Every structure is written in C-alpha cells, then in structure tokens.
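**Q** output the structure for:
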Amino acid sequence: MNKKAIILVVVVMLVAVVGFMGYRSFFGVQKVAVDASEQGKKISEFFNPQAFITPFQLKELMDENADVVVIGALNPTKADSPINGSFTMWRGDYSAAEGVYSYGGMSNTKEEMEELLSSFGATPKSTIVLYAANSHHDAARLHWQIKMLGHEDVRFLDGGLNAWAGAGYPVGEANPTVEKSSYVAPNYSTEILADADMVKMAIENDEWIIIDTRSPDEHDGTKTKGGAAGPGNIPGAILINWTSNSNEDTTLLTKEELKAIYGDLIEGKNVIVFCQSGVRSAHTLLVLSEVLGAENVYNYDGSWIEWSYMHYELSEVDVENGEK
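**A** Predicted coordinates:
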C-alpha cells in the first residue's frame with residue numbers, strides 16, 4: 001500500500017471514530033449524579049413509596065439475585081446503553097397493532113402484555129422495575145399498563161438510565177436469555193383508564209377536571225404533532241406540562257413541590273389527564289396517584305390523537321384552539 005493510500009485509510013478511520021463519538025454525544029444518555037440518601041428520603045415521603053425505586057436500591061436487588069425483572073423503554077434509534085441484565089422494548093411493543101384503530105398511539109391488549117411479560121420470565125410475584133432515558137414518560141406509560149394488569153410490585157426508577165449511569169453502575173449488556181414464563185394478569189382492571197365517553201362526560205361536570213400535559217404550543221394550537229388530525233385542545237382542559245414534575249436532572253420533584261403545583265387544582269376533583277397518545281399523561285397520573293395519593297385519576301389512552309380524529313374526521317366532538 002502506498003503512502004497516499006495509507007493516509008486515506010487513516011483519515012477515513014478518524015472520521016468514523018469522530019462521527020461515532022459525535023453520534024453517541026448527540027443521542028446518548030446524559031449521566032446525572034444523584035445523592036442516593038437524599039433520593040431515598042424523598043421517595044420515602046411519597047404517598048406510595050413502593051411504586052418507586054432508586055438506582056442504589058435496584059442495584060442491591062439485582063446483586064441479591066432477587067426475583068426482579070427490569071425493563072427499559074428505550075428508543076432503538078438512540079445510542080443509549082441499557083442497564084445490564086435488563087430487557088428493552090419500545091412503543092411498538094406495547095401499543096395496539098396497526099389497523100386495530102383508525103389512529104395510532106393506543107395501548108395494546110391484556111393478552112399482549114401478558115405475552116410480553118412472559119417472554120421476560122416474569123410472574124405475578126416478580127418485582128418489575130421500569131426505566132427510560134432522558135425523558136422518563138415512557139417508563140411511566142409502561143407502569144400504567146402493568147398496573148392495569150393488577151401486578152402488585154411494579155416500580156418506576158427515579159432518574160431512570162440517567163441516574164443509573166451517573167452512579168457508575170454497569171450498562172451495555174441487556175436482553176438476557178431466560179426461561180419463558182406463563183404470566184397471567186392477577187387482577188386486570190381498567191379503573192385507571194379513561195375513554196372518549198368519559199372525557200365527554202367530564203367536560204360537562206364540575207366534579208371533574210381535565211389536565212393537558214402537553215407543551216404550551218400544542219395546547220394553544222400553534223403546533224400539531226404527527227399522528228393528530230389537527231391542532232387544538234379538549235374544551236376546558238387546563239395546561240400543566242408534564243415536564244413540571246421533574247428536576248433538571250430528570251428525577252422527580254419532592255412531594256411538597258408537586259403538591260404546590262397540583263394540590264389546590266385537584267382537591268375534591270376527579271381527574272383525567274391526556275397528552276398526544278397517553279404517554280406524557282401517564283407520567284402525570286403516576287405523580288398524582290403514587291406521589292400525592294389522589295384518588296380517581298384516569299389516563300385518557302386515546303388522548304389528542306383520538307380526540308382530534310373524532311373532531312376533524314368525524315365531527316363528533318368540539319375542540320378549543322383548533323383550525324379556524
């Protein structure tokens with residue numbers, strides 16, 4: 001190989017390395033340092049601390065070889081290295097199959113969730129821990145769906161992959177080979193699920209409040225995310241962006257901080273939360289129910305995708321901030 005060819009090969013290799021590092025930097029998880037003691041104390045003050053777990057506590061469970069199934073809701077297009085020993089999945093795995101609805105974003109069936117958990121070797125007695133990266137609403141969505149199965153011990157990893165990686169715990173080796181179980185939902189219920197009929201009723205009832213957990217520009221109709229039939233807001237819904245629930249390091253706020261945001265608003269009310277497709281709103285449901293102890297909180301599965309379809313395609317419902 002002549003000198004020019006060698007130089008060319010070296011340059012190509014350098015470009016590839018730099019490009020990969022840039023890719024990791026742009027897409028990879030942002031590590032955050034979290035004080036384990038303070039985090040544990042914060043969670044202990046939640047209404048239901050057993051719905052949450054810290055990276056330190058999870059590491060202890062895994063080191064003890066406890067019956068723990070760790071599931072990461074991780075976007076495969078990102079370069080996030082998953083928690084060692086965890087299983088990974090993404091929205092298509094826990095959403096309704098194409099063609100079941102005239103629109104996307106709906107959750108899958110009880111039977112499909114049972115099959116997924118069986119493939120991970122889970123049983124109704126397993127501790128199931130859910131995590132995500134950077135924005136943790138997808139872990140909350142899974143938490144909501146598994147709670148509907150009646151699974152008792154399901155936990156949300158506070159700070160997710162960001163805090164786990166920030167603690168220096170091992171990543172990169174996921175989706176282990178396990179013996180498939182025969183998971184059967186212990187007590188399936190849709191009592192924390194809202195449908196369109198419930199939303200219609202809530203709009204006309206002062207005992208109910210509807211919270212829009214989307215961004216301000218989605219709420220005011222200046223932005224429409226893909227999948228929706230058009231812009232706008234459900235009539236009367238109050239905007240509280242789901243990002244209000246978390247610190248800059250992606251961990252949850254304290255109970256008192258969250259109470260200051262939601263307390264007066266939801267007191268004595270039945271609550272429906274929604275977003276684009278029930279993902280971000282699942283995070284707010286988790287906060288209201290498990291941190292603040294609010295009763296009668298429901299996640300609208302169809303959310304804006306379904307409601308906008310019903311308005312713009314079927315002319316069955318009204319919207320605010322819609323197309324003029």
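
**Q** quick one, phi psi at the residue nearest to residue 159 when sequence neighbours are not counted?
**A** Spatially, and ignoring its direct neighbours in sequence, residue 159 is nearest to residue 251 (4.3 Å; CB to CB, 6 or more residues apart in numbering). Glycine gets a C-beta too; all of them are placed from N, C-alpha and C. In terms of degrees, to the nearest 10, the main-chain angles of residue 251 are phi -80, psi 160.

**Q** count of neighbours near residue 251?
**A** Per other CB atoms under 10 Å, the neighbour tally for residue 251 reads 23.

**Q** surely it is in contact with residue 39?
**A** Yes. Between residue 251 and residue 39 there is a contact under CB atoms under 8 Å: 6.6 Å.

**Q** and stretch 151-171, how far out from the chain middle?
**A** 13 Å (CA atoms, centre = their mean, to the nearest Å).

**Q** same question for stretch 233-248.
**A** Distance of stretch 233-248 from the chain centroid (CA atoms, centre = their mean) equals 15 Å.

**Q** got the end-to-end distance for that stretch?
**A** 27 Å (CA to CA, to the nearest Å).

**Q** who touches both of residue 251 and residue 39?
**A** Shared contacts of residue 251 and residue 39 (CB atoms under 8 Å, 6 or more residues apart in numbering): 158-159, 163.

**Q** isn't there a strand covering residue 256?
**A** No. Residue 256 sits outside any strand when classified using DSSP: H, G, I helix; E, B strand; the rest coil, being helix.

**Q** any idea how far it lies from residue 242?
**A** Between residue 256 and residue 242 the distance is 19 Å, computed by CB to CB, to the nearest Å.

**Q** low pLDDT regions in the chain?
**A** Flagging of the chain using pLDDT under 70 yields the residue ranges 1-27, 324.

**Q** residue boundaries of the helices in it?
**A** Using DSSP state H, the helices of the chain run over residues 3-27, 36-44, 55-63, 110-119, 137-148, 160-166, 196-203, 216-219, 255-266, 280-286, 303-312.

**Q** next one: the spatially closest residue to residue 202 that is not a sequence neighbour from residue 271, what distance?
**A** Closest residue in space to residue 202, ignoring its immediate chain neighbours: residue 208 at 3.6 Å, by CB to CB, 6+ apart. Separation of residue 208 from residue 271 (CB to CB): 7 Å.

**Q** these two: which is more packed in?
**A** Relative neighbour count places residue 271 above the other of residue 208 and residue 271, with 23 against 19, counting by other CB under 10 Å.

**Q** got the contact list for the closest residue to residue 184 other than its chain neighbours?
**A** Once flanking residues are discounted, residue 184 sits nearest to residue 114: 6.2 Å by CB to CB, 6+ apart. If a contact means CB under 8 Å, 6+ apart, then residue 114 has 149, 183-185 as its contacts.

**Q** next, format these as JSON lines and append distance to residue 48 and neighbour count.
**A** As requested, the contacts of residue 114 are arranged in JSON lines below (distance: CB to CB, whole Å; neighbours: other CB atoms under 10 Å):
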{"residue": "149", "distance to residue 48": "17", "neighbour count": "21"}
{"residue": "183", "distance to residue 48": "23", "neighbour count": "22"}
{"residue": "184", "distance to residue 48": "24", "neighbour count": "15"}
{"residue": "185", "distance to residue 48": "20", "neighbour count": "17"}
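
**Q** between those, which is closest to residue 200?
**A** Distance to residue 200 across the contacts of residue 114 (CB to CB) is lowest for residue 149, with 27.0 Å.

**Q** doesn't residue 185 make contact with the closest one?
**A** Yes. In this structure residue 149 lies within contact range of residue 185 using CB under 8 Å: 3.9 Å.

**Q** overlap in contacts of these two?
**A** Contacts common to residue 149 and residue 185, judged by CB under 8 Å, 6+ apart, are 110, 113-114.
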